[in-house]
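Visitor: Predicted model follows, preceded by the sequence.
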Amino acid sequence: MVELFKILFLHLIGGVLLVRIAYKLLVEDEQHNVAPAESTIGAIKTIIIADAAMGLDNVLGVAGAAHGEFLLVIIGLMISIPIVVWGSTLISKLMNKYPIIVYIGAAVLAFTAAKMITDDPSVKNFSRSSSFA
């Protein structure tokens, strides 16, 4: 993932995705109405898509916060994956009891997203070539 972030526009796209996630944390209601799958295959597809989306969110957040440092990405994933897998119920209960946790998480995501967007080579090149005077 660290090597992929060297690709033009990838930081920008990842940052925009993180902004979207932070926004959804703040404005979406707590009810997530998901229609039941009509078949086992449909249920498996839903689980795979949800798992992939959550995994991508996690990797984007960690890779963005690591600023391209491979060791930090590895350490971040080693810490965050067990938290997501085993601690999600506890974290959910804590977020329900202390809603400030959601705001702090959204702020960290927004900060990471802003850093990713401004670190994208295309944004840096655009800001260098633009004249604001």
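Guide: Received it, and whenever you're ready, just let me know what you need. Numbers count the residues shown, from 1 in each chain.

Visitor: Identify all contacting residues around the helix or strand harbouring residue 113.
Guide: In the assignment (DSSP states H and E), residue 113 maps to helix 100-119. Identification of contacts with helix 100-119 by Cβ atoms under 8 Å, 6 or more residues apart in numbering yields 11-12, 14-19, 21-23, 25-26, 61, 64-65, 67, 91, 94-95, 123-124. Heads up, the C-betas are built off the backbone N, CA and C, glycines and all.

Visitor: which of these are buried?
Guide: 11-12, 14-15, 17-19, 21-22, 25, 61, 64-65, 95, 123 (16 or more other Cβ atoms under 10 Å).

Visitor: just checking, which of these belong to helices?
Guide: Judged by DSSP state H, the buried ones among the contacts of helix 100-119 include 11-12, 14-15, 17-19, 21-22, 25, 61, 64-65, 95, 123 as members of helices.

Visitor: Quick one: neighbours of residue 104, just the number.
Guide: Using other Cβ atoms under 10 Å, residue 104 has 11 other residues around it.

Visitor: The one 4 residues further on too?
Guide: As a burial measure, residue 108 scores 14 neighbours (other Cβ under 10 Å).

Visitor: Please apply the same query to the one 3 residues further on.
Guide: Neighbouring residues of residue 111 were enumerated by other Cβ under 10 Å; the total is 14.

Visitor: pLDDT wise, what is it at?
Guide: Predicted confidence (pLDDT) for residue 111: 91.

Visitor: follow-up on the earlier one: from the ones in helices among the buried ones among the contacts of helix 100-119, pick the one nearest residue 43.
Guide: Using Cβ to Cβ, the shortest approach to residue 43 within these belongs to residue 21, at 24.2 Å.

Visitor: Next one: residue 73 from residue 98, what distance?
Guide: 29 Å (Cβ to Cβ, to the nearest Å).

Visitor: which of these two has more neighbours?
Guide: A count of neighbours by other Cβ under 10 Å puts residue 73 above the other of residue 73 and residue 98, at 20 against 11.
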